[in-house]
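Student: have a look; sequence and predicted model below, questions after that.
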Amino acid sequence: MNYVYSTLTCDNAFAVYAPKNDARQLSVIKKKILIKGGHGIKVVDANNTPRGVVTIVSDEDMELLEKNHSFNVQKKAGYIVVERTLNQKAPEVVAEDMNPKDASAPMTPADFQEGEVSTPETKVYKQKKGK
């Protein structure tokens, strides 16, 4: 078994296509392999969202994923990490060293800071630089 850790916001279905004999034929999806997302949006409790999620993948599916261009792009960008160990690690532990937020992630209070025009009576916030 393989453990695919993800800091992607949304679930991702990676498609495996049937081989084509003619370049003019349409591609036909032979199989979809779902990698769970939900980092930063699934509420665990009022003050906490998961830092990462894990999907268990068979050896056969992992072999197909390793040949998938889109999967490898996400992996190279640091949103996906694959562990092949039998001892499943907590997703939060693995996610500490991963890219924390993809472009589709919702904004959270951590993305803002108090603005210069803020007063004790009226708080004004602005988006942090680089977000």
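Tutor: Yes, it's here. Numbers count the residues shown, from 1 in each chain.

Student: C-alpha from now on. contacts and neighbour counts both.
Tutor: OK.

Student: I figured Ile29 was touching Pro19, is that so?
Tutor: No - with contact defined as Cα atoms under 8 Å, Ile29 does not count as touching Pro19 (9.6 Å).

Student: what is Lys32 paired to in the beta sheet?
Tutor: Beta-bridge pairing of Lys32 under DSSP bridges involves Ala15.

Student: and it, how many neighbours does it have?
Tutor: 14 (other Cα atoms under 10 Å).

Student: so it touches Val16, yeah?
Tutor: Yes - applying Cα under 8 Å, one finds Lys32 in contact with Val16, separated by 6.1 Å.

Student: what is the three-state secondary structure of Leu65?
Tutor: helix (DSSP: H, G, I helix; E, B strand; the rest coil).

Student: isn't it right up against Asn12?
Tutor: No - using Cα under 8 Å, Leu65 is not in contact with Asn12; the gap is 11.8 Å.

Student: that'll do, ta.
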